[in-house]
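>>> take a look and give me a structure for this.
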Amino acid sequence: MTKAVRFYQAGGPEVLRWEDVSLAPPGPGEVHLRHTAVGLNFIDIYHRTGLYPLTLPVTPGLEGAGVVLAVGDGVGDLAPGDRVAYAGGPPGAYAEERLIPAHRLVKLPDWLDDQRAAAMMLQGMTAQYLLRRTFRVGPGDPILVHAAAGGVGLIVCQWARYLGATVIGTVGSPEKAELARDHGCHYPILYREEDFVARTRELTGGEGVAVVYDSIGRDTFLKSLDCLRPLGMLVSFGQASGPVESFNPGLLAAKGSLFLTRPSLMAYTAKREDLLASAAELFNVVENGAVRIEVNQTYPLREAARAQRDLEERKTTGSTVLLP
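You can find the predicted model right below:
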């Protein structure tokens, strides 16, 4: 037997239960993994609330790091004792141990500790596809990053600055503004005190930004469109404030032939070669110091409900890790 967090119905943090679970031996193509650290992400909350429904009951969590205990038939590139990490489906990370398809695992380099690995895989590979594939940011590009002091935001700000972009970011407090600035954001905007559309226009000489990275959703969506220059792109990759309401796509034409996309990490890393390439590029920018991965909060895994509540209430910054 091992311990895991499970929930049987959608709802608030109180639906999360800490309970005994049993694991079968790994089947063909599977790995039995012992977690040493588990990443906390907003998508875990979407799953718990039913915004992104899962088949219940379920153990949530899409990111973790740990040690291989056993492998099933047909697994040739992993062995017991290997240090590995993963991000993306299937869910099941909120557990001391789990079974997982071997093709979702990435071996960890010796220089990378387990807590940072668990904190960076989902958020870091999200930053990778946002900046290098969805909209390929280059020198001189002005960009706007919402939630710039969040887990993805801090990585995007650092990586974008490394690429030569001019980084504008929205934050909710002076403390978060300083944190974002320390992580590559040239111009933090306190969205509770300033009109971020007007300020973004001012900072870009009235032209607008090339791309907006928006993980907030309903509260920022239409204003994000107003921050774009003609032919700019809105990348809507989350909905922390709720789902975006329906709108007439003719609005994109009226505002300057804008582009809109709703990407996901799972789609961008569905092929193993894409997963490995994304992880390799992430490892490279972390190893060379361009991107710092900082675990700003840790919680015991059994207290996942408290961790999720703090994340929902904007009490966290950067990356958070759950420790089995």
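
>>> count of residues packed around Pro174?
11 (other C-beta atoms under 10 Å). Placement of C-beta: from N, CA and C, glycine included.

>>> which residues does it contact?
Applying C-beta atoms under 8 Å, 6 or more residues apart in numbering to Pro174 gives the contacts Leu190.

>>> would you mind measuring from it to Ala240?
Using C-beta to C-beta, to the nearest Å, Pro174 is found at 21 Å from Ala240.

>>> and if you look at Lys3?
For Lys3, the distance to Ala240 equals 29 Å [C-beta to C-beta].

>>> ok, Val5 next?
Distance of Val5 to Ala240, computed by C-beta to C-beta: 21 Å.

>>> these two: who's more crowded?
Between Val5 and Ala240, counting by other C-beta under 10 Å, Val5 is the more crowded of the two (28 against 20).

>>> contacts only, for the more buried one.
Here Val5 is in contact with 16-18, 59-61, 94-95, 301-302, 304 (C-beta under 8 Å, 6+ apart).

>>> nearest to Leu322 among those residues?
The closest of the contacts of Val5 to Leu322 turns out to be Leu301 (C-beta to C-beta; 4.5 Å).

>>> tell me where the stretch 151-300 of the chain has strands.
Per DSSP state E, counting those that start in this stretch, the stretch 151-300 of the chain carries strands over the ranges 166-171, 187-190, 209-214, 228-236, 259-261, 295-300.

>>> can you get me the start-to-end distance on stretch 51-58?
Using C-alpha to C-alpha, to the nearest Å, one end of stretch 51-58 lies 15 Å from the other.

>>> er, stretch 308-319 I mean
One end of stretch 308-319 sits 12 Å from the other (C-alpha to C-alpha).

>>> can you pull the domain assignment for the chain?
Per automatic domain parsing, the structural domains of the chain span 2-121+292-323, 139-262.

>>> of all those, which one is nearest Thr269?
Proximity of the domains of the chain to Thr269 was assessed by C-beta to C-beta; the nearest stretch is domain 2-121+292-323, lying at 5.8 Å.

>>> from the chain's centre, how far out does stretch 88-96 sit?
15 Å (C-alpha atoms, centre = their mean, to the nearest Å).

>>> same question but for stretch 142-149, I mixed them up
14 Å.

>>> and for it, what's in contact with it?
137, 153-154, 156-157, 160, 165-172, 176-177, 179-180, 185, 188, 196, 200, 203-204, 207-216, 220, 224, 227, 240, 317-318.

>>> make it 7 Å
With contact meaning C-beta atoms under 7 Å, 6 or more residues apart in numbering, stretch 142-149 is reached by 137, 153, 156-157, 160, 165-171, 176, 179-180, 185, 188, 200, 204, 209-216, 220, 227, 317.

>>> also stretch 192-202?
144, 168, 170, 172, 189, 208-209, 223, 226-227.

>>> now for those residues: which two are most distant?
Among these, Gly172 and Gly208 lie farthest apart (C-beta to C-beta), at 22.7 Å.

>>> please say which of the two ends up with more neighbours.
The residue with more neighbours, out of Gly172 and Gly208, is Gly208; 23 against 16, by other C-beta under 10 Å.

>>> which SS state does the residue most central in space within the chain fall under?
Central residue of the chain (C-alpha atoms, centre = their mean): Gln123, 3.1 Å from the mean position. Following DSSP: H, G, I helix; E, B strand; the rest coil, the label given to Gln123 is helix.

>>> rewinding a little: the contacts of stretch 192-202 into TSV, with extra columns for distance to Leu51?
Putting the contacts of stretch 192-202 into TSV (distance: C-beta to C-beta, whole Å) gives the following:
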residue	distance to Leu51
Leu144	24
Ile168	28
Thr170	22
Gly172	21
Ile189	27
Gly208	30
Val209	28
Lys223	22
Asp226	26
Cys227	25
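
>>> which one of those is nearest to Leu311?
Proximity of those to Leu311 (C-beta to C-beta) peaks at Gly172, which lies at 13.6 Å.

>>> pLDDT at the closest one, what is it?
Looking at Gly172, its pLDDT stands at 93.

>>> now it: phi and psi?
The phi/psi pair for Gly172 (degrees, to the nearest 10) reads phi -100, psi 0.

>>> what's it in contact with, if anything?
Per C-beta under 7 Å, 6+ apart, neighbours of Gly172: 191-192, 314.

>>> of those residues, select the buried ones using a PyMOL command.
Restricted to buried positions by 16 or more other C-beta atoms under 10 Å, the PyMOL selection for the contacts of Gly172 reads:
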select buried, resi 191
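
>>> count of residues packed around Val295?
Neighbour count of Val295, defined by other C-beta under 10 Å: 18.

>>> that one pairs with what?
Ser319 (DSSP bridges).

>>> residues in contact with it?
Contacts for Val295 (C-beta under 7 Å, 6+ apart) come out as 115-116, 119, 319, 321.

>>> quick one: which of those sit in helices?
115-116, 119 (DSSP state H).

>>> among those residues, who's most crowded?
Neighbour counts for those, by other C-beta under 10 Å, peak at Ala119, which reaches 31 neighbours.
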